[in-house]
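>>> 3D model of this:
(one chain, ligands or ions: 1)
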Amino acid sequence: MTAPRVTGKTQLVGLFGWPVEHTLSPPMHNAAFADRGLDWLYVPLPTPPERLADAVRGVAAAGFRGFNVTIPHKEAVMAHLDEITPEARAIGAVNTVVVTQGRLTGHNTDVDGFVMPTTTEAHVDLGGKVAALIGAGGAARAIASGCLRMGVGRLVLTDIDAPKAEALRGDLEPLRGDARIEVLPAGSDALCEAVGTAALVANATPVGMHGPDDSPIDVAWLPEGVVVFEAIYTQPRTALMRAAEERGGKAIHGLRMLLHQGVRAFALWTGMEPDVGLMERALEEARR
Ligand code: NAP
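Coordinates of the predicted model:
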């Protein structure tokens with residue numbers, strides 16, 4: 001193993017989470033920094049919730065250029081920032097912070113993690129079409145915002161915890177534009193009907209993470225040619241992904257989201273575009 005090259009001028013970024021030992025982000029970003037000839041280093045910053053405020057102030061004071069934020073800090077970190085993009089504010093979560101002359105600006109690059117592979121890799125045009133989003137937690141908030149950014153016509157939200165989906169609908173109001181946003185009960189006939197008309201169905205629940213045949217909706221509801229966006233990245237192929245492909249549609253794997261949120265974060269911190277293929281290979285290698 002070669003030692004990382006750290007100099008007196010090395011610029012630091014990191015990841016706040018609790019725990020963080022399973023993160024795939026350090027090898028992905030450090031490979032991209034080295035590839036672009038940048039003397040930068042990405043480090044894990046394991047921080048318990050009660051120390052988050054001190055830790056955020058500490059890294060800003062120590063000259064860090066920015067950081068990522070993961071579970072359980074994505075909402076709580078917002079209270080410690082100077083600025084938050086309107087999109088991240090509406091989503092109610094920040095996953096990337098840029099530090100500029102001591103000022104902290106919060107972004108949500110999970111939205112790019114959804115939009116980039118959906119548009120540039122799967123070539124989905126959601127303009128005026130129907131999207132169904134299963135789950136209304138953290139990942140769903142970014143995916144819903146991405147659907148609105150892509151000009152979705154009708155966005156259907158569902159969660160086994162119905163008030164959670166209602167809260168998400170309310171929070172999305174500033175980003176809604178002309179889109180219709182509806183909450184439908186999990187497992188209902190109305191949801192089955194909506195999924196049957198959807199151009200895109202996204203799974204933002206953990207269902208499918210442990211059992212490769214588990215699905216948060218009946219896969220028989222999926223229409224021909226549908227695109228399934230799967231947030232889960234720990235399974236090679238979920239039942240929902242397989243069903244989309246069996247119907248002549250496409251399936252986008254959760255690892256694409258992890259990759260592209262990182263690509264956008266890299267660009268925000270450094271002002272440079274990374275080599276996406278190289279970051280992808282580093283991610284794949286770290287996952288093995
Ligand atoms: P979360 O905040 O817990 O949200 C999941 C939501 O789905 C919860 O509200 C949950 O309700 C609901 N739910 C569970 N089963 C359901 C079902 N059968 N039908 C409808 N709703 C259901 O979790 P999260 O952080 O958003 O993560 C969700 C998934 O996305 C996880 O697999 C995570 O690993 C993945 N993820 C991927 C990325 C990526 O970069 N690819 C990023 C973030 C998250 P209850 O709380 O009542 O169970």
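
>>> pull the contacting residues for the residue in the stretch 51-200 of the chain positioned nearest to the ligand.
Nearest residue of the stretch 51-200 of the chain to the ligand, counting by C-beta to the nearest ligand atom: residue 137, 1.9 Å away. (Each C-beta comes from the backbone N, C-alpha and C, glycine too.) When contacts are counted by C-beta atoms under 8 Å, 6 or more residues apart in numbering, residue 137 touches 159, 164, 204-205.

>>> closest to residue 178 out of those?
Nearest to residue 178, judged by C-beta to C-beta, of those is residue 204 at 23.2 Å.

>>> quick check: that closest one vs residue 60, distance?
31 Å (C-beta to C-beta, to the nearest Å).

>>> repeat for residue 213
Taken as C-beta to C-beta, the span from residue 213 to residue 60 is 46 Å.

>>> flag every residue of the stretch 51-200 of the chain that's near the ligand.
Contact residues (C-beta under 6 Å from any ligand atom) of the stretch 51-200 of the chain with the ligand: 110, 113, 134-140, 158-161, 164, 186.

>>> who wins on neighbours among those residues?
residue 110 (29 neighbours; other C-beta atoms under 10 Å).

>>> give me phi/psi at that one?
Main-chain dihedrals, residue 110, degrees, to the nearest 10: phi -60, psi -30.

>>> residue contacts, it?
Counting by C-beta under 8 Å, 6+ apart, residue 110 has contacts 93, 95, 138-139, 142, 257, 261.

>>> where in the stretch 1-150 of the chain is pLDDT low?
Scanning the stretch 1-150 of the chain with the threshold set as pLDDT under 70 gives 1-4.

>>> all helices of the chain, in order?
Under the criterion DSSP state H, helices of the chain are mapped to 25-35, 52-61, 86-91, 110-116, 138-149, 162-172, 189-195, 239-246, 254-270, 276-287.

>>> if we can go back for a sec, quick check: the gap between the residue of the stretch 51-200 of the chain closest to the ligand and residue 49.
With C-beta to C-beta as the criterion, residue 137 and residue 49 are 18 Å apart.

>>> and the residue nearest the centre of the chain, how far from residue 125?
For the chain, residue 110 is the residue whose C-alpha lies nearest the centre (C-alpha atoms, centre = their mean; 2.9 Å). Counting by C-beta to C-beta, the gap from residue 110 to residue 125 is 21 Å.

>>> equivalent analysis for residue 87, please.
21 Å.

>>> who's more crowded, the two?
Set residue 87 next to residue 125 and count neighbours by other C-beta under 10 Å: residue 87 wins out with 17 against 11.

>>> thought that one was touching residue 109?
No. The pair residue 87 / residue 109 is not scored as a contact, 10.1 Å apart, by C-beta atoms under 8 Å.

>>> who's residue 201 bridged to?
residue 132, residue 228 (DSSP bridges).

>>> show the pLDDT at it.
In this model, residue 201 is scored at 98, pLDDT.

>>> cool, and residue 214?
96.

>>> could you measure from it over to the ligand?
Residue 214 sits at a distance of 9 Å from the ligand (criterion: C-beta to the nearest ligand atom, to the nearest Å).

>>> was I right to think that residue contacts residue 239?
Yes. Between residue 214 and residue 239 a contact is recorded at 6.6 Å, counting by C-beta under 8 Å.

>>> mind listing the shared neighbours of the two?
Counting by C-beta under 8 Å, 6+ apart, the residues touching both residue 214 and residue 239 are residue 208.

>>> which of these two has more neighbours?
residue 239 (21 against 15).

>>> and the closest residue to that one other than its chain neighbours, how many residues sit next to it?
Spatially, and ignoring its direct neighbours in sequence, residue 239 is nearest to residue 215 (4.4 Å; C-beta to C-beta, 6 or more residues apart in numbering). For residue 215, the tally of surrounding residues (other C-beta under 10 Å) stands at 22.

>>> how about residue 215, what does it touch?
203, 207-208, 238-240, 243.

>>> farthest-separated two in the residues you listed?
207 and 243 (13.6 Å).
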